[in-house]
Every structure is written in C-alpha cells, then in structure tokens.
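Trainee: sequence first, predicted coordinates after that:
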Amino acid sequence: MDVSHILNSLNDAQRQAVTADPGNLLVLAGAGSGKTRVLVHRIAWLIEMTGAAPGNLLAVTFTNKAANEMRSRIEELLERPIGGMWVGTFHGLAHRLLRAHWQEAGLPEKFQILDADDQLRLIKRTLQALDLDENKWPAKQCQWYINQQKDEGLRADHLEHYGQDYQRTMIGVYKAYEGACERGGLVDFGELLLRSHELWLKQPGLLAYYQQRFTEILVDEFQDTNAIQYAWLRVLAGTRNHVTAVGDDDQSIYGWRGARIENIQQFTRDFHPATLIRLEQNYRSTSTILKAANHLIANNSGRLGKELWTDGMEGEPIAVYAAFNEQDEARFICDQIQQWAKRGRRREEIVVLYRSNAQSRELEEALLRTEVPYRIYGGFRFYERLEIRNAVGYLRLIASRDDDAAFERVINTPVRGIGNVTLELIRNLARSEGCSLWQAARQAVTRGQLPGRAAQNVQDFMRLIDLLEEYAATHELHLSADYVIRQSGLIQHHEKEGGEKARSRLENLEELVNAAGAFVPDATPDGEKPTPLETLGAFLDRAALDAGDTQADDYEDAVQLMTLHSAKGLEYPFVIIAGLEEGLFPHKMSADSLSGLEEERRLCYVGLTRAREKLLLCHAESRRLHGEEHLTRPSRFLKEIPAELRQEVRMKGQVSRSFAVGERGAGESWGRRDVSTRADLAQEPQGLSLSLGQRVRHPTFGEGVVLNSEGRGSNARVQINFDGVGGKWLVMAYAKLEAI
DNA sequence: AGTCCCCCCATTTTT
DNA sequence: TGGGGGGACT
C-alpha cells in the first residue's frame, strides 16, 4: 500500500515514532515539535499498515477540543470517516462506558452528571444536613478534598482518620456526599473515572471484552494524567495491549490538580518493554527563544531530558522591561502592541500572558485607555453563565423530575412567589421521606401542607414543567429550547432587567437555542433515530461535559490576554509575559517546595515556548497587591535565561536622562525611565464637562448619550450608550469625546 | 423579596 | 484594592 502521504512531510524522529512496531511507545514531544501530527499519523499508520481496524483503536485526550481536532485530522489524512474508533476525553469515554453498562456499574439508567457548581451546592446541603458549621468547614474545601480523593481512586471507605479531627470530618462529609449522590443518581466528574475503573475490576468479563477490542491505546498529554486515569489505562492495557503515550514532562503544569508527572517519568518501567523516542526539532520558535527555554528548564531535576533545536533563524534577542510599577508595565505593553500594529502586523498575533487572573485588570484598563482591542480568555464559559444554567435547569427538570439541583435552581427563577420558607418545608419533607424535592413538593401540595398561596404557586410551577415536557417530547430540540426559555419566563425576566448585561444574557439564551439546533447526538447502538427526549438527554450530557467554546464571534483584530496555564498548546508570533517577579511568578504559594517551584519553572517554560518570533518579559519594581504597595524583585526565571540572549528595553524614543538609583549597576547601559514621562500619565483631563443625558460624539463609536459616570481627575470614566453600538465605559482623559 | 452593608479573602482549570 | 457571600434590615 502506498503510505507516502502518511510519511512524507515527517522528519526522521517523527517518522520513527509513527512507524515504530506495535508495542508500548513513549514519544517525548517537545513544544512545537509536531506532537499532534505524530499522533495523528501514527494512528493512520496503524490502520493502514498493521491491519488494525479503527475499532481496535482508542485515543484519549484531556479536552474536548483536542479530541475533536484529533478525530477530524485523522479523517482528513485517511480521507474517510473512522466511526468505529473511540476518540474522546477520559471523562467522555468513561461516561460512554457507564451509559452503556449502567446496570453493571450499579447506576440508575438515567443517572445525571453533576458539574462543579452542582457539586458544590450538593456539598453545601450535605454540610447542613450534618449540622456542620460552614465557617469551620468551608464547602469549597470539602469539595477539593473529595475530588482529590476521587482523583487518587479513593472512596470514603478506603480512608482512615487516624484520630485526626480534620480527617474524620472530611471523611464524614465525603461519605454523606456519596450517599446523596447515590440517592439522587448523580455522578460527578471524578466519579465517572472512578466508577468506570471499578466497573472493569468488578466485571472481568466486561474488561476482557474491552481489552480484546482496544489493542492500541493512544494517550495525548500523558504528563497530565492523574492516578485514577493512569490506573484506568493500565487496567485496560492489561499485559497484551499497546499504549502509545505522547507528552512532555517539561510541560507538566497541573500537579496541583492531581496530575502526576511521575506517570510519564515511569512510563518505560510500568509499560515494559517500551520504546522511547524524543522529538526535539522545533518548528515554531527562533533559536534565541529555544536557547532561553532550554537554559531555563535545565534548572529542573529529574527530567527525562530533552533539548529543543531548530534549523531556523536566530531571531531577535529577548526583550526585558523593568517597569516602575504595574501601571507602567501595562502602559509599556500597550505601547509595544501599538508599535507592532504600526509595523503592519496584526494584533491577533500577540498574546499577553500572566500568572494570575487578577493581573488582567491593570492591563485591561490600559488597553481600554489606549483603545487597543483585546480579548480575555478564561473567565466564564458558556454553560457556566447564570442565564444558561437557568435555562439548562429547566431542560434538566424536563428530562428528570428528580434532579434536585435543577429543581432548586429554577423553582423560583424567575421569581414566582416560592420563597425560602416554602422551599425549606419541601427540603425537610424530602429529607424525612428520602425522596426528591419534586416528589416532596407534590406531596406537600396534595396533602395541603402548604399555605394556599404557596401551594398554588408550587402547583403552577409543576404544571409548567409538565407542559414543557409535553412540548419537548414532540418537537425538535431547538424548538423545545426556544419554547422553554419563553414559557419559563426567563426571556421576559431578562428583558425587563434592562441594560447591557441583560442584553448579553438574552443573546446567550438565543445562542443556547442555536447550540441546540446544531447538536447532533451520537447514533444509538441499534442505529435508530433517537426520540426528542433522548436527544435532550444527550444534549444535557454534553452541556455538562463540554464547557462549550464561546470564542468564535468577535472578528475584530484583537490582542489576546490569558493566564500562562491557558496558553498551553497555543502559539503566537509575539508573546508578552507580564509580572515576572518573585512572589508572583514563581508564585509565593508554590515557592516553599521544590516540586512547586519546578512546576512554576515548567509554567515559565510553557510561556517562553509559545513564542514564534518575539518575546517580551516584563517585571515591575513595585506592585500593588491587595491594595498594598510592595517592592518586588525580578523573578529568578529571568536570571536563568542567559544574559547574552536578553536585552533590556525602555519606552521608545525616550532619551535616557536617567536618574541613578541604588540597586542598578552603573555599568548597565540602559537608563531608568524618565520621570516626566511617568508624570504624563497623571495628567488631568482637559476640561470637557459632561452631564448625564448629554449627547456626545466619539471618533470611533459615533454618537451616543451619556448614561453614567464615576471617578474623577485622570480616572474619571463615563458610560455612554452609542447609537447602534451599545453601552461602553470610556476614560475621559483618553476618549476623544466631543459634546454635541 | 430585594437591597445594603460588612466581612473575608485573595494561584493556576478541565471535565 | 475589589469582589463575593452572608446576614440584617426595609
């Protein structure tokens, strides 16, 4: 067979990895070395050359995005669909198993997935039921504890408290929470993995079936696997199946959420015998950037070892800017962005990375002031938004009346006169009867345990849900979604709220209808077309397992802002890293352990290796944190980059009328930033005084009316509702406003 | 039921 | 410094 299309375009190391004989294989893939490509081509090779059927292959990733991308790239390469192959996230695959074998797994047929928010609410209720003081035992902490145990594969029964109060309580909460999940048929994220692992251990026949089926298992981002995922893989692989693990120990940045770097470090021992192949040729960055990254990461211990190289260009030195404070840093970054754009490059090519989300505000304000378009990644994802969660709550209640989390969420949203007193009565009834809130509510109504008014309201609510279900059972999903957001009153609720926020909420609700319209459920095993209610169930599962990428819209050429963590896997021509200071990056919370520090260093390595052409590293000499000024020292990571690769920079066009200040060595050629430039920032705005309701003109946004204002002096901001553009907050000092 | 105020907290995030 | 949550008040 002609496989040149699979092998052409690969370098030697990549080809070796792709064509390695079936067996355990560890591909240590450096940043920008063509990792996904190797994985995709390896799969194509296995199918075309070793006689493996797509159905014998299982590919696992961590995010839905990666899974989708992998599937489509394989199909593109093979030029045919690979329906029989399982490609998905750990959680997605585990979920698939549990849906298929719910009985063997000891679950109700219609078990529901509990997302993080639902989980927290359930834990809160559990704490109340146990009569524990939430101040002493914060729900968040309990959630953290429970998830951590599940990630380690441990159930409450496996845990010992050794007489320790903390342990004893946590185990108690864990146990009670397990009970609540059991009663409600609820499965949280950790439970998906844990239970499907247990399923295999308890059902040897089932395990044998899957072991026979999946002879080739491929895992992406192996350095991110946690204990239960690793155990799951080992059980499935057994002694005969082959595991191809792709990853990079130097990019392991999720230790804090249970990922075990040891898993990749010990792969060749645990999956013995195994071949190890390193991909070290980098196709992304300049050699200067790679040298810097190599030097930095060399400070870590216990690495599998790897050195990136390129036959590309040397590129520019790495720019380092010592800012006066965080405002100066932000301003300098804006300036650099504008200069990049002035040279005819796109702002989209730039990313600004920071260690913690809080840093984004200062940057945002500066970008707003200088009118540089930007987009912030992270923050709320689609299915986490309040209005979406409410709408989904109705859908969930339609699908399953016993879904208490959904019941609690929507019974009085929008308000329908069912207050806390009524709800508490229903909760108590549910607790004492051991039934769901829905059932308790029905009982309360029929037995007349509620005052007339409340009884009527509850009854109306229940009738509404029944009505919605009737509709949903006979209509396509997107029609039902539309029906639900209208009949439930959610649309009206936000409409009368008014304002910019409400408008975006309404848009999101419309977007949910679109998402429902675009949703295509997996084919049922028997190949029949799913009923509308089955489709709804599948849609809800996806809503829980997939955050839903909200990106997409907004085509403006904008700079990207995100944390270093969320930058993993991405690349940009120009990367700016802000806040390289001791205590911030490396973060002080990670500074007291070697493993923590090394993970911070890997995070920095990830940041550096995102850059293709140009890298700018910033630190401020003083930074305001929690309202207090702190003098800071440059991050050790800066010093770990060889001096000959770095170049200190300052504001363009600025004469170095430097004033000498301690610390800085006299031999250094760059001067301190000019005082007068700094003073410019504080300049008072020109005296345009606006009154509320006044009409104004803006060079970009056109005409609008002043709605609101806040602050004074150089900080004064006004909110203006621009005709056709909508509400915007502008800084008076910078927005070139004109009264009409 | 909604609003206000005070207190507490403050890394990183996917499923 | 600022945001969120909880409690108290209207």
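Mentor: Perfect, I can see it now. These numbers come from a predicted model, not from an experiment.

Trainee: can you report how many residues lie near the closest residue to residue A:737 other than its chain neighbours?
Mentor: In space, residue A:737 comes closest to residue A:696 once its chain neighbours are excluded; the distance is 4.9 Å by CB to CB, 6 or more residues apart in numbering. Using the backbone N, CA and C atoms, a C-beta is placed for each residue, glycine as well. By other CB atoms under 10 Å, 21 other residues sit near residue A:696.

Trainee: quick check, pLDDT for residue A:696.
Mentor: Residue A:696 carries a pLDDT value of 82.

Trainee: next: the one 3 residues further on.
Mentor: Reading off the confidence values, residue A:699 has pLDDT 74.

Trainee: kindly report the same for residue A:566.
Mentor: Model confidence at residue A:566, given as pLDDT, is 93.

Trainee: residues in contact with it?
Mentor: Contact partners of residue A:566, counting by CB atoms under 8 Å, 6 or more residues apart in numbering, are A:377-378.

Trainee: where does it land in three-state SS?
Mentor: The local conformation at residue A:566, judged by DSSP: H, G, I helix; E, B strand; the rest coil, is helix.

Trainee: how much space separates residue A:591 from DNA strand C?
Mentor: To DNA strand C, residue A:591 is 21 Å away according to CB to the nearest atom of the strand, to the nearest Å.

Trainee: so how many other residues sit close to that residue?
Mentor: 13.

Trainee: check contacts around the nearest residue to it once chain neighbours are set aside.
Mentor: Distance criterion CB to CB, 6+ apart; nearest residue to residue A:591, sequence neighbours excluded, is residue A:597 at 6.2 Å. By CB under 8 Å, 6+ apart, the residues touching residue A:597 are A:586, A:590-591.

Trainee: just curious, which of those is nearest to residue A:702?
Mentor: residue A:586 (46.5 Å; CB to CB).

Trainee: so what's the residue count around the closest one?
Mentor: Residue A:586, neighbours per other CB under 10 Å, totals 23.

Trainee: for the residue lying closest to it once chain neighbours are set aside, what are phi and psi?
Mentor: If the residues on either side of it in the chain are set aside, residue A:586 comes closest to residue A:600, at 3.7 Å by CB to CB, 6+ apart. When read as degrees, to the nearest 10, the backbone of residue A:600 gives phi -60, psi -40.

Trainee: what do you get for the one 4 residues further on?
Mentor: Per-residue torsions, residue A:604: phi -70, psi -40 (degrees, to the nearest 10).

Trainee: apart from its chain neighbours, what residue comes closest to it?
Mentor: Per CB to CB, 6+ apart, closest to residue A:604 is residue A:637, 4.6 Å.

Trainee: so what's the one you found up against?
Mentor: Residues near residue A:637 by CB under 8 Å, 6+ apart: A:296, A:580, A:585-586, A:600-601, A:604.

Trainee: the same query, at a cut-off of 10 Å, please.
Mentor: By CB atoms under 10 Å, 6 or more residues apart in numbering, the contact list for residue A:637 reads A:292, A:296, A:299, A:577, A:580-582, A:585-586, A:600-601, A:603-605, A:607-608, A:617, A:619.

Trainee: gap between residue A:222 and residue A:267?
Mentor: Distance from residue A:222 to residue A:267, counting by CB to CB, to the nearest Å: 7 Å.
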